[in-house]
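Peer 1: need a 3D model of the sequence below.
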Amino acid sequence: MKKIYFNSDEEFQNFIKNGKDLGEKKTFLVHDKVIKIFNIRGLLSSGFIHSYSNRIISNSAKLNQNGIHSLNITHQLEFIHNKRLSGVIYNHIPGIPIRDMSIKEFTKSFLKELALFLSSIHSKGIYFRAMHMGNIIYHNGNFCLIDVAKVHFYPWSLMSFTRARAYRRFIKYPKDLKKLGKNNLELLIKMYMEESKFNLLNKLIFKCTLKILMNHNYKLIKRYTLFFAILFLIIWLI
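Peer 2: Model (predicted):
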């Protein structure tokens, strides 16, 4: 992996001066290359130990090895003057995010393709924590995952509960959910469960978990779960 070093913000600005800002000064398009910048927030972060650029390089390689189309990264960016920043350069991916597709394109045939794609990812034990409709590119019948810094790879097929969590992230944004529509969502879920070959118990766990996650604050659920787990442990130790 080739590395490009920057000693100041000025050097980086000169590097991207002819690029097109694709969003929030984090992603730039220069000719047929995409430059993605990561910024560590907060005083404490695992990003200081294992940078987001290293993660996305590793995860994209693993995804491609597993037959899941992802980024073709050509360079890693190192910011000598600011250790909070890191970045990568990858080849531009043809197509558009699912989020930007028109409502008319959400046909039954497309939803079946999408259901099969999501099922194949989860069946391979891949849990993409940022898999929303803006991070899946569609082009000529193929799907590609981007922004893959947060991916977990398990040696087994994902359990129904984890699949529901992943699905909740897919439709976590109200605008995405509204655009997809209630009927299309129900059809997508039905097709997903069919492609995943769920039995009755798997269907029950998946649908109940997804319903809870969609109707309640997920972060609040995690906090309560952690609280009761600690409380149970304290009582057990006493």
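Peer 1: which residues touch residue 23?
Peer 2: Listed by Cβ atoms under 8 Å, 6 or more residues apart in numbering, residue 23 has no contact partners. Quick note: C-beta positions are derived from backbone N, CA and C, even for glycine.
Peer 1: oh sorry, the question was meant for residue 137
Peer 2: By Cβ under 8 Å, 6+ apart, the contact list for residue 137 reads 93, 95, 96, 97, 98, 143, 144, 145, 146.
Peer 1: SS state for it?
Peer 2: When classified by DSSP: H, G, I helix; E, B strand; the rest coil, residue 137 comes out as strand.
Peer 1: that one pairs with what?
Peer 2: Residue 137 forms beta bridges with residue 97, residue 144, as assigned by DSSP bridges.
Peer 1: thinking again about what came up before, which two from the contacts of residue 137 end up farthest apart in space?
Peer 2: 96 and 145 (14.2 Å; Cβ to Cβ).
Peer 1: between the contacts of residue 137, identify the one with the most neighbours.
Peer 2: residue 145 (24 neighbours; other Cβ atoms under 10 Å).
Peer 1: any idea how far that one lies from residue 21?
Peer 2: 22 Å (Cβ to Cβ, to the nearest Å).
Peer 1: now do the helices in the chain.
Peer 2: Using DSSP state H, the helices assigned to the chain run over residues 9-15, 52-65, 108-123, 160-170, 174-180, 182-195, 200-215, 218-237.
Peer 1: outline the domain layout of the protein.
Peer 2: The chain breaks down into these domains under automatic domain parsing: 2-91, 96-224.
Peer 1: any idea which of those has the lowest pLDDT on average?
Peer 2: Looking at the domains of the chain, the lowest mean pLDDT belongs to domain 2-91 (a mean of 86).
Peer 1: tell me how far that domain lies from the chain's centre.
Peer 2: 16 Å (Cα atoms, centre = their mean, to the nearest Å).
Peer 1: that domain: end-to-end distance?
Peer 2: One end of domain 2-91 to the other measures 14 Å (Cα to Cα, to the nearest Å).
Peer 1: rewinding a little: dump the domains of the chain to a markdown table, plus distance to residue 233.
Peer 2: Shown next, in a markdown table, are the domains of the chain (distance: least, Cβ to Cβ, whole Å):
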| stretch | distance to residue 233 |
| --- | --- |
| domain 2-91 | 24 |
| domain 96-224 | 15 |
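Peer 1: out of those, flag the one nearest residue 230.
Peer 2: Closest to residue 230 of these, according to Cβ to Cβ: domain 96-224, at 10.7 Å.
Peer 1: number of residues surrounding the residue lying closest to residue 111 once chain neighbours are set aside?
Peer 2: By the measure of Cβ to Cβ, 6 or more residues apart in numbering, the closest residue to residue 111 outside its immediate chain neighbours is residue 188, 5.0 Å from it. Using other Cβ under 10 Å, the number of residues around residue 188 comes to 23.
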